[in-house]
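Student: got a predicted model here, sequence first, then my questions.
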Amino acid sequence: MKHFIPTIQFLHRNAVLFRSWIVFFLLMFITYSQVQAQISAGGTPQSFSYKSLPVTFDAREISAPDLKNAFAEDETSAKNGMPYRFAINLPADFSIQNSGTWEKLPDGGRLWRLKIVSPDAKALTLYFDRFRLPEGGKLFLYDESQSQIIGAFTSANNSANGNFATELIAGESTIMEYNEPAGTDQLPDIHISEIAYAYRGVSSIFSKKDEKAGYSETCEVNINCTEGENWQTQKQGVVRIMVKKNGAGYWCTGSLLNNTLMNATPYLLTADHCGTQATPDDVNRWIFYFNYEGTDCQSTSSAYSNTMTGAVKKAEGGGGGETGSDFYLVLLNQNVPGSYNPFFNGWNARDEQSSSGVCIHHPAGDIKKISTYTSPVVSSDWNNNGKNSHWEVLWAATANGHGVTEGGSSGSPLYNANGQIIGTLTGGDSDCDHLTAYDYFGKFSYSWNKNGTSSAEQLKPWLDPGNSGITSLNGLGDPNAINANFSVYPDTIPINGLVKVSNTSSGIIKGYRWTFEGGLPSSSTDSLPSNIQFNSFGFHKITLSINNDSDTSSKTDSVWVSPVIYPNPSAGQFNVILGQLPTDTSVPEFQVYNILGQPVSFRYTDITFGKQIYLTNNRNGLYFLKIKFRNNTSYHKMLRIK
């Protein structure tokens, strides 16, 4: 009996919106938040634009694993129902400090390149145990032919624990390139601790047909065949997972789940045997592939995919199916971008028999497939565990094949006729040579609250956090949904400074409405307005609202407009320009502190668009001006000299 253990495989910005510079113990204020994801900013490596750069640069080779021994191990593992392994992780020690070649660029910036080679690899993945990029820096990875490029990765990809991973790059070598802008003196802190050496099971990813391993069996049915016509929404919640654990890589399948708060919390369900023995750092470097599917019924490879990196385990149960329902619930490190068109699948937590439905999965790590059942599922055990914890399923022949499941399908969702998940794949005997053999799915109803008594052993506390008692829930998401998204740059400007916005909204959008609080202009209906001026001190909200015939979406961000203080240094008179403040009852409050954080006496007079601060009776030295206006408080240095 096969056992489907996996077949291998920001405040949106680093938002220090302002800092309160009072030395020693006085009033340091920093707002900071960050997220980690495989999500990239796009773009092109700078080396592609400078043909005069040297062709050769630092290249480091890592010896290939003993593949003869690896294949022998895999053969033994297959006979014993063990996982299908597609990659072996090799230890590495590469960083900006000990590897790579720097080059100066004509614009004053620099770039750093490093080639990592491991002979005869089908593909490589890089695992980082330190990953922190400074603002403005961009990291790309690509293959020798420059046909596969991922990135740019930026400071938005930084994480608190420093873990990161990149999706597979085809071939035996991967080139890593870091682009440093002019005027930057901060180096990135990146360290590669492991390389995943893929030696089989990845041909379908790169559209090669030179090996059988990596392709699913011939009876499988593409999700975009006629069998999948009524499941196009649910498929958007099914993902392929590149699992990292036990020094190797495996493939599994997982599904996004809706919760009773209907708030798109990115919970993802797979099988316990996919995650068992994975450390928290391993799970934080799992890679999730969205939209990995063929464009039609005959496709043998995917036109594209979207990836995210990292998750945190929230609950698991069932001992890989031996003692229960074999479920593993994770929370992705970041919300799924609207551009991925995610669907948060509905579910049924009642122990109710289903007469028909489908499974959507990634067999052998292949593009998305669909298998259909037309006879009622049967309550059953797994390996005689005596729990009635599983559904027994028999697959049916359909118009374009006879879908079954394979290694890599592990953790895939079983749907009832209403499009709700009722089970998670553990394993079984079906394959293209055994079309009438049964497969077994851990019951969603058992995973709900029967594997144990703690929240770490149940789905219910996570999917029904308010204890509403709901046991049947439809999915969340709409193929016509739109998502408003943009960024502001720079996010800190002086009085009368200009900002730009980058519009990264997704979906079919018919209308745009921008509002710029205190800005010139104050609003715009352009998709990408430019050069918005702000002439008053403080935080100013920027809001984008978008719409189409069936949906609306909005996002609000802000820009910090700092006062202009001159002359500074001064003999004691400082002009503080606050700009054209709103004409309401709010009045800015001022206070001056010395370097010990003690308030000092001062006087001020009104000037056009600001105040004049007098420290003429104070000693020479460094002072800190506190300005409080509405809900904004900031601190600014003033240096008094003779």
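Tutor: Here it is on my side, so go on.
Student: how would you label Met262: helix, strand or coil?
Tutor: Taken by DSSP: H, G, I helix; E, B strand; the rest coil, the conformation at Met262 corresponds to coil.
Student: contact partners for it?
Tutor: Applying C-beta atoms under 8 Å, 6 or more residues apart in numbering to Met262 gives the contacts Leu476. Quick note: C-beta positions are derived from backbone N, CA and C, even for glycine.
Student: pLDDT score for it?
Tutor: Confidence per residue is given as pLDDT, and for Met262 that number is 85.
Student: give the burial count for Asp433, as a bare number.
Tutor: Other residues within reach of Asp433 by the criterion other C-beta atoms under 10 Å amount to 9.
Student: for Ala70, see how far away Ala198 is.
Tutor: According to C-beta to C-beta, to the nearest Å, Ala198 stands 12 Å off from Ala70.
Student: higher neighbour count, the two?
Tutor: Here Ala198 and Ala70 are set side by side on neighbour count (other C-beta under 10 Å), and the busier one is Ala198, at 26 against 18.
Student: surely the more buried one and Ala121 touch.
Tutor: Yes - because the distance of 6.2 Å satisfies C-beta atoms under 8 Å, Ala198 is recorded as touching Ala121.
Student: any weak-confidence spans in the stretch 451-600 of the chain?
Tutor: Judged against pLDDT under 70, the low-scoring parts of the stretch 451-600 of the chain cover residues 478-481, 550, 584-585.
Student: report whether Asn69 is found in a strand, as I expect.
Tutor: No - when the secondary structure is assigned by three-state DSSP, Asn69 falls in helix instead of a strand.
Student: can you pull the contacts of it?
Tutor: The neighbourhood of Asn69, defined by C-beta under 8 Å, 6+ apart, contains no residues.
Student: just the helices in the stretch 151-300 of the chain please.
Tutor: Secondary structure of the stretch 151-300 of the chain by DSSP state H, counting those that start in this stretch: the helices cover 272-275, 280-283.
Student: so of these, which one's packed in deepest?
Tutor: Across these, the average number of neighbours (mean count of other C-beta atoms under 10 Å) peaks for helix 272-275, which reaches a mean of 28.
Student: restricting to C-alpha, output it in PDB.
Tutor: Taking Å, rounded to 0.1, in the frame of the first residue of the first chain, the C-alpha atoms of helix 272-275 are listed here in PDB:
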ATOM      1  CA  ASP A 272       0.200  15.500   8.800                       C
ATOM      2  CA  HIS A 273       2.700  13.200   7.100                       C
ATOM      3  CA  CYS A 274       3.800  16.100   4.900                       C
ATOM      4  CA  GLY A 275       4.800  18.100   7.900                       C
END
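Student: quick one, strands of the stretch 501-642 of the chain?
Tutor: Under the criterion DSSP state E, counting those that start in this stretch, the stretch 501-642 of the chain carries strands at the ranges 511-516, 519-520, 523-524, 532-534, 538-547, 552-562, 564-566, 573-577, 589-593, 599-600, 603-607, 610-614, 621-629, 632-640.
Student: for those, which one sits closest to Ala264?
Tutor: Smallest distance to Ala264 across these (C-beta to C-beta): 12.2 Å, for strand 552-562.
Student: mind listing what's buried in that closest one?
Tutor: By neighbour count, and taking 16 or more other C-beta atoms under 10 Å as the criterion, the buried residues in strand 552-562 are 553, 555, 557-562.
Student: ok, now stretch 427-435?
Tutor: Neighbour-count burial for stretch 427-435 flags 427-428, 430-431 (criterion: 16+ other C-beta under 10 Å).
Student: take those and keep only those in helices.
Tutor: Among the buried residues of stretch 427-435, no member is found in helices (DSSP state H).
Student: nearest to Phe602 among these?
Tutor: The nearest member of these to Phe602, counting by C-beta to C-beta, is Gly427 at 76.0 Å.
Student: can you give me the end-to-end distance of stretch 460-477?
Tutor: End-to-end distance for stretch 460-477, by C-alpha to C-alpha, to the nearest Å: 21 Å.
Student: so which residues of the stretch 51-200 of the chain form strands?
Tutor: Taking DSSP E, counting those that start in this stretch as the test, the strands found in the stretch 51-200 of the chain are 59-61, 87-95, 101-104, 110-117, 123-132, 138-142, 149-153, 164-165, 169-170, 173-180, 189-198.
Student: so which of the ones you listed comes closest to Trp514?
Tutor: The minimum distance between Trp514 and the strands of the stretch 51-200 of the chain falls on strand 149-153, with 25.6 Å, by C-beta to C-beta.
Student: okay if I get the strands of the stretch 51-200 of the chain as CSV plus mean pLDDT and distance to Trp286?
Tutor: CSV is the format used below for the strands of the stretch 51-200 of the chain (pLDDT from 0 to 100; distance: least, C-beta to C-beta, whole Å):
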stretch, mean pLDDT, distance to Trp286
strand 59-61, 97, 26
strand 87-95, 96, 13
strand 101-104, 96, 32
strand 110-117, 97, 21
strand 123-132, 95, 11
strand 138-142, 96, 18
strand 149-153, 92, 16
strand 164-165, 92, 8
strand 169-170, 93, 17
strand 173-180, 97, 19
strand 189-198, 96, 12
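Student: take those strands and lay them out in TSV including distance to Leu256.
Tutor: Formatted as TSV, the strands of the stretch 51-200 of the chain follow (distance: least, C-beta to C-beta, whole Å):
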stretch	distance to Leu256
strand 59-61	38
strand 87-95	25
strand 101-104	42
strand 110-117	33
strand 123-132	23
strand 138-142	27
strand 149-153	23
strand 164-165	20
strand 169-170	26
strand 173-180	29
strand 189-198	25
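Student: so for His636, which of those sits nearest?
Tutor: When these are ranked by distance to His636, counting by C-beta to C-beta, first place goes to strand 123-132 at 28.5 Å.
Student: please put the alpha-carbon coordinates of the closest one into PDB.
Tutor: Listed in PDB are the C-alpha atoms of strand 123-132, where the atom choice follows Å, rounded to 0.1, in the frame of the first residue of the first chain:
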ATOM      1  CA  ALA A 123      17.400  22.300 -10.600                       C
ATOM      2  CA  LEU A 124      18.600  24.200  -7.500                       C
ATOM      3  CA  THR A 125      16.900  25.900  -4.600                       C
ATOM      4  CA  LEU A 126      18.700  28.300  -2.200                       C
ATOM      5  CA  TYR A 127      17.900  28.200   1.500                       C
ATOM      6  CA  PHE A 128      18.900  31.300   3.600                       C
ATOM      7  CA  ASP A 129      19.400  31.300   7.400                       C
ATOM      8  CA  ARG A 130      20.200  35.100   7.200                       C
ATOM      9  CA  PHE A 131      18.300  37.300   4.800                       C
ATOM     10  CA  ARG A 132      18.100  41.100   5.400                       C
END
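Student: output the contacting helices and strands for it.
Tutor: On a contact count with 3 or more C-beta pairs under 8 Å, 6 or more residues apart in numbering; DSSP states H and E, strand 123-132 meets strand 87-95, strand 164-165, strand 169-170, strand 173-180, strand 189-198.
Student: so what touches the fourth one?
Tutor: Taking contacts as C-beta under 8 Å, 6+ apart, the residues outside strand 173-180 that touch it are 45-47, 59, 96, 100, 109-118, 124, 126, 133, 136-144, 152, 188, 190.
Student: can you do 7 Å?
Tutor: Outside of strand 173-180, the residues within contact range by C-beta atoms under 7 Å, 6 or more residues apart in numbering are 45-47, 109-117, 124, 126, 137-144, 188.
Student: mind listing what the helix or strand containing Phe441 pairs with, with the direction of each?
Tutor: Secondary structure assignment for Phe441, by DSSP states H and E: strand 439-443. Sheet partners assigned to strand 439-443 using DSSP bridges are listed as strand 390-393 (antiparallel), strand 421-428 (antiparallel).
Student: so of those, which one's packed in deepest?
Tutor: With neighbours taken as mean count of other C-beta under 10 Å, those reach their highest mean count in strand 421-428, at a mean of 29.
Student: reformat the helices of the stretch 151-300 of the chain as TSV; add mean pLDDT.
Tutor: Written out in TSV, the entries for the helices of the stretch 151-300 of the chain read as follows (pLDDT from 0 to 100):
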stretch	mean pLDDT
helix 272-275	92
helix 280-283	95
